[in-house]
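J.: Please find the sequence and the predicted model below.
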Amino acid sequence: METWLHSLLAHSSELALLLLFIIVLAESTAIVGLLIPGTVLMLAMGALIGNGQMDFWVACAVGFIAALIGDGLSYWLGYRYRSQLHRLSIIRPHRRLLIQARLVLRHHGPVGIFVGRFLGPTRPVLPMVAGMLSMPRRRFWPACVLACLLWTPAYLMPGILAGAAIGLASDGLFSFPILLTLAAISVGLVLWLGTQAVRHSLRARALAGMPVHLSWGAPLSGIACAVAVWQIAVHPLAPIYGARVWQVLA
């Protein structure tokens with residue numbers, strides 16, 4: 001995927017930005033987003049940005065506009081066709097997901113719109129369900145705009161951090177790229193375990209019944225993440241890597 005995108009960028013950066021727009025728009029549109037590997041594509045785009053082949057702020061602007069259009073279209077579809085959507089054959093396999101999205105919105109409202117864009121498989125259907133529930137626009141749009149504004153850089157950042165490490169020395173057991181990989185894995189593990197722990201505590205209403213893999217896994221993965229980040233900070237290549245990342249973001 002990254003090799004193909006590299007060839008595309010060499011041909012036309014404008015075409016690559018158009019591809020980014022299409023990826024984010026599809027990923028943000030109801031139901032369609034369930035079929036698109038948007039996260040993988042965003043990581044590939046981020047790697048190219050980190051390697052200096054696409055402007056970070058232009059990519060963020062394009063992603064923001066595409067995400068906003070996708071969410072707005074999904075909200076309008078849900079609001080306009082709320083009585084017909086339940087009968088569509090393409091919706092039936094995802095009824096459980098729609099029920100989850102409905103519960104999120106009824107319990108958390110606009111906060112669910114914001115948080116849902118970053119977490120879980122309900123992201124592509126939350127705006128549509130908000131429309132189906134006739135959520136007022138004054139409650140939907142502020143949360144939607146803020147979420148879209150932050151979502152693109154958040155999803156591009158892992159790829160950017162990986163792309164900025166391309167070409168750095170990779171010899172040794174604890175080389176800089178390996179440390180970055182370990183840190184990324186530990187951060188992902190911390191986020192996943194933390195999310196699971198929060199969901200469990202909200203359901204159980206008490207931490208006493210927390211499963212062992214959550215009660216022990218979350219703090220242990222946090223310690224591993226802190227160690228990996230500290231090893232990166234003291235690595236001799238850290239200043240060079242930091243300069244690369246700063247150059248991309250600045």
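T.: That came through fine. Numbering: from 1, shown residues only.
J.: Now name the helix or strand holding the most centrally placed residue in the chain.
T.: Per C-alpha atoms, centre = their mean, the C-alpha nearest to the average position across the chain is that of Tyr155, at 4.2 Å. Here Tyr155, judged by DSSP states H and E, is contained in helix 137-163.
J.: repeat for Ile69
T.: Applying DSSP H and E as the criterion places Ile69 in helix 56-80.
J.: and the gap between the nearest residue to Met135 once chain neighbours are set aside and Val187?
T.: Nearest residue to Met135 in three dimensions, chain neighbours excluded: Leu105, at 6.7 Å (C-beta to C-beta, 6 or more residues apart in numbering). C-beta: built from backbone N, CA, C; applies to glycine. Distance, Leu105 to Val187, by C-beta to C-beta, to the nearest Å: 28 Å.
J.: count of residues packed around Val40?
T.: Other residues near Val40 number 12, with proximity taken as other C-beta atoms under 10 Å.
J.: What distance do you get for it to Gly188?
T.: 14 Å.
J.: Which residues are in contact with Phe56?
T.: Listed by C-beta atoms under 8 Å, 6 or more residues apart in numbering, the contact partners of Phe56 are Ile49, Pro153, Leu156, Ile160, Val248, Leu249.
J.: May I ask which two of these are separated the most?
T.: Pro153 and Val248 (11.3 Å; C-beta to C-beta).
J.: re earlier: which other helices and strands does the helix or strand just after the helix holding Tyr155 contact?
T.: On the C-terminal side of helix 137-163, the nearest following helix or strand under DSSP H and E is helix 176-204. Judged by 3 or more C-beta pairs under 8 Å, 6 or more residues apart in numbering; DSSP states H and E, the packing partners of helix 176-204 are helix 137-163, helix 212-215, helix 217-234.
J.: okay, the contacts of Phe56 in CSV with neighbour count next?
T.: Formatted as CSV, these follow (neighbours: other C-beta atoms under 10 Å):
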residue, neighbour count
Ile49, 24
Pro153, 17
Leu156, 25
Ile160, 25
Val248, 20
Leu249, 14
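J.: how's the chain carved up into domains?
T.: Structural domains assigned to the chain are 2-160, 164-249, following automatic domain parsing.
J.: circling back: Leu105 and Val187 - which one has more neighbours?
T.: Comparing Leu105 with Val187 by other C-beta under 10 Å, the one with more neighbours is Leu105, at 24 against 17.
J.: Now do the more buried one against Ile113, distance only.
T.: For Leu105, the distance to Ile113 - C-beta to C-beta - is 7 Å.
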